[in-house]
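*Asks:* Below is the structure, and that's it, no one-letter string:
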DNA sequence: TTGACCTGTATTGTGTACGATCTTACAATG
DNA sequence: CATTGTAAGATCGTACACAATACAGGTCAA
């Protein structure tokens, strides 16, 4: 049995599933703001400023900060306050390595147990990625890519691993955005993902795992190059 | 270059490293309380009660709860408050699988690049484990086991992976405790870890990875049996 | 000019009180 | 016995107050 359908949930009966509290809204808002690089790494997150920008009180802001701190997106310096976490190249390298392990395992198992619905979800995501590249909509490409992997992990029954990968990805969101937008990525990257999907669809676990490893390895190489050139000369005008 | 020594941190230079705030103390206290099963899974964590038990105000308690929530140790139900997270057998299964992947990779790389100091640290931890088993000090065994793995991940240069494993382990802390205390574990478990260490010391990456996989696989099997028997008849008296 | 010292301001760390809203339990009613 | 209404208790969110610390800037002496 796969983990795709949550247990005992009759749709359309419950009022709202979860009346989102103010805090959850604020958390999501601030997290996407950080992930989408509205706050550059190292920038300070002054509590009172955030109160104003989010429209909530200090308590809520502080609890949200604690949550993001535990997620690794924010670092708190005592008596100085929270700042957006910086990403060390070394950490990025390791994150890609872990992703390669987890994603290839997920691809392997997805090839063994994907349902037709899950395959359809992956196919949809792939075409959305292609459309996003065609339209130059990089943000859409990122979202669809996430959807593809979410479907793949679900197909492989890897709920926990997906949580881990999601969290790790949020820490390299900026690299992912740059990688996706790098020249030639529209053809090679998409091609690799189609290769993963084809292997899963044809029930070839080993091939799926290998293709997945290849994809992450390539992304890591691009990211490495980006980090190197950033370290070499970050301010081209200054 | 390994990742063992943190970048640009000359020891003994910084004034005080970090004056621990009340919040950090409370966080650590509550986390260990949960991990050591003083609060059973599903039990409610009423804010005001915790205020009394921890000796801090509600603000601190709430922020600590948010942190633990992000760590996955606590689940918050809106308007009902936080409860200690329950561990689903399925999640436990996946956690052991991820551990097998990450630990075997760490063992592999540790065999390639461990320094004499790191080997010594692992050897120390091993003898501490043996001593703990001999003295029937299960808690000590757990701590020393953690130390062994910490040294192994450091030797393999896997800082991020270690963070991931630490966090996953905290969610199965109860299972780990039961596994370590299970009959015969003193000989088989310790023997497997010595096998891992021997392979690392002899610079045999593949053997180290295989031994590591074997160790986790066996632990997972014991945990599975524990969970099954717990699901079958948890209250033998009542 | 350099360095030490002092001071004021900004920000965080922590505690406390209050109203609103939701959940739950219990009592009243048919 | 089932249903409804009410009340207690908890959380959610806000506002305010005060202490502790960090940082910037100025003053003053060597």
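*Replies:* Thanks, I have it. Being a predicted model, the structure only gives us computed values, none of them experimental.

*Asks:* rest of the way, CA atoms for contacts and neighbours
*Replies:* OK.

*Asks:* how would you label residue A:83: helix, strand or coil?
*Replies:* Of the three states, residue A:83 takes strand under DSSP: H, G, I helix; E, B strand; the rest coil.

*Asks:* what's around residue A:35, how many residues?
*Replies:* For residue A:35, the tally of surrounding residues (other CA atoms under 10 Å in any protein chain shown) stands at 20.

*Asks:* May I ask you to confirm that it is in contact with residue A:176?
*Replies:* No. Using CA atoms under 8 Å, residue A:35 is not in contact with residue A:176; the gap is 10.4 Å.

*Asks:* The longest helix along chain A close to chain B?
*Replies:* Secondary structure of chain A per DSSP state H: the longest helix is helix A:205-232. No. Judged by CA under 8 Å from any CA of the partner chain, helix A:205-232 and chain B are separated, with a smallest distance of 13.8 Å.

*Asks:* same for that helix, what does it pack against?
*Replies:* The helices and strands touching helix A:205-232, judged by 3 or more CA pairs under 8 Å, 6 or more residues apart in numbering or on different chains; DSSP states H and E, are helix A:89-113, helix A:173-181, helix A:185-201.

*Asks:* so which of those helices gets nearest residue B:227?
*Replies:* helix A:89-113 (23.6 Å; CA to CA).

*Asks:* Tell me the buried residues in that closest one?
*Replies:* Counting neighbours by 16 or more other CA atoms under 10 Å in any protein chain shown, one finds that the buried residues in helix A:89-113 are A:91-92, A:94-113.

*Asks:* what does stretch A:48-61 contact?
*Replies:* A:22, A:23, A:26, A:47, B:59 (CA atoms under 8 Å, 6 or more residues apart in numbering or on different chains).

*Asks:* Out of those, give me the two with the largest separation.
*Replies:* A:26 and B:59 (17.6 Å).

*Asks:* okay, the two: which has more neighbours?
*Replies:* residue A:26 (20 against 15).

*Asks:* Which secondary structure element is home to that one?
*Replies:* Taking DSSP states H and E as the criterion, residue A:26 maps to helix A:22-35.

*Asks:* end-to-end on stretch A:198-212?
*Replies:* 11 Å (CA to CA, to the nearest Å).

*Asks:* now do stretch A:53-61
*Replies:* 10 Å.

*Asks:* Would that stretch count as contacting DNA strand C?
*Replies:* No. Using CA under 7 Å from any atom of the strand, stretch A:53-61 stays clear of DNA strand C, with a minimum separation of 7.6 Å.

*Asks:* Does DNA strand D have contacts with that stretch?
*Replies:* Yes. Judged by CA under 7 Å from any atom of the strand, stretch A:53-61 comes into contact with DNA strand D at A:55, A:56, A:57, A:58, A:59, A:60.

*Asks:* Kindly provide the distance from the closest residue in space to residue A:130 that isn't next to it in sequence to DNA strand C.
*Replies:* In space, residue A:130 comes closest to residue A:190 once its chain neighbours are excluded; the distance is 7.2 Å by CA to CA, 6 or more residues apart in numbering or on different chains. For residue A:190, the distance to DNA strand C (CA to the nearest atom of the strand, to the nearest Å) stands at 42 Å.

*Asks:* Could you pull up the contacting residues of residue A:190?
*Replies:* Counted by CA under 8 Å, 6+ apart, residue A:190 has contacts A:126, A:129, A:130.

*Asks:* So which bits of chain A are right by chain B?
*Replies:* So chain A meets chain B at A:18-19, A:21, A:59, A:62-64, A:66-71, A:78, A:91, A:94-95, A:98, A:101-102, A:158-161, A:164 (CA under 8 Å from any CA).

*Asks:* Just the buried residues of those residues.
*Replies:* A:62-64, A:66-71, A:91, A:94-95, A:98, A:101-102, A:158-161, A:164.

*Asks:* tell me which element the residue most central in space within chain A is part of?
*Replies:* Taking CA atoms, centre = their mean, the centroid of chain A lies closest to residue A:169, which sits 4.1 Å from it. Per DSSP H and E, residue A:169 falls inside helix A:159-171.

*Asks:* Need the phi and psi values for the closest residue to residue A:69 other than its chain neighbours.
*Replies:* What sits nearest to residue A:69 in space, not counting adjacent residues and going by CA to CA, 6+ apart, is residue A:75, at 5.8 Å. As for residue A:75, its main-chain torsions (degrees, to the nearest 10) stand at phi -120, psi 130.

*Asks:* any idea how far residue A:75 is from DNA strand C?
*Replies:* Residue A:75 is 10 Å from DNA strand C, by CA to the nearest atom of the strand.

*Asks:* Compute the number of surrounding residues for that residue.
*Replies:* 21.

*Asks:* which ones are touching it?
*Replies:* A:69, A:82, A:83, A:84, A:85 are the contacts of residue A:75 under CA under 8 Å, 6+ apart.

*Asks:* pretty sure the last one contacts residue A:74?
*Replies:* Going back to what we said before, that points to residue A:85. Yes. Using CA under 8 Å, residue A:85 makes contact with residue A:74 at a distance of 4.6 Å.

*Asks:* State the number of residues packed around residue A:139.
*Replies:* 15.

*Asks:* Please apply the same query to the one 4 residues further on.
*Replies:* By the criterion of other CA under 10 Å, residue A:143 has 14 neighbours.

*Asks:* Point me to the helix or strand that includes it.
*Replies:* Using DSSP H and E, residue A:143 falls in helix A:138-155.

*Asks:* if we can go back for a sec, please identify which two of the residues of stretch A:53-61 next to DNA strand D are farthest apart in space.
*Replies:* Taking CA to CA, no two of those sit farther apart than A:55 and A:59, at 11.8 Å.

*Asks:* residues of the helix or strand bottoming out on mean pLDDT in chain A that come out buried?
*Replies:* Scoring the helices and strands of chain A by mean pLDDT, DSSP states H and E places helix A:47-54 at the bottom, with a mean of 87. Using 16+ other CA under 10 Å as the test for burial, helix A:47-54 gives A:47, A:50, A:51, A:54.

*Asks:* Touching, residue A:133 and residue A:143? I think so.
*Replies:* No. Judged on CA under 8 Å, residue A:133 makes no contact with residue A:143 at a distance of 11.9 Å.

*Asks:* before we move on, back to that, what separates the helix holding residue A:169 from the chain centre, distance-wise?
*Replies:* Mean-position distance between helix A:159-171 and its chain equals 7 Å (CA atoms, centre = their mean, to the nearest Å).

*Asks:* what's in contact with that helix?
*Replies:* So helix A:159-171 is contacted by A:3, A:35, A:71-73, A:87, A:95, A:99, A:102, A:150, A:153, A:176, B:91, B:94-95, B:98, B:164 (CA under 8 Å, 6+ apart).

*Asks:* How about the residues of chain A by DNA strand D?
*Replies:* A:21, A:22, A:23, A:55, A:56, A:57, A:58, A:59, A:60, A:78, A:79, A:80.

*Asks:* Which members of the residues you listed are classed as buried?
*Replies:* Buried, going by 16+ other CA under 10 Å: A:23, A:60, out of these.
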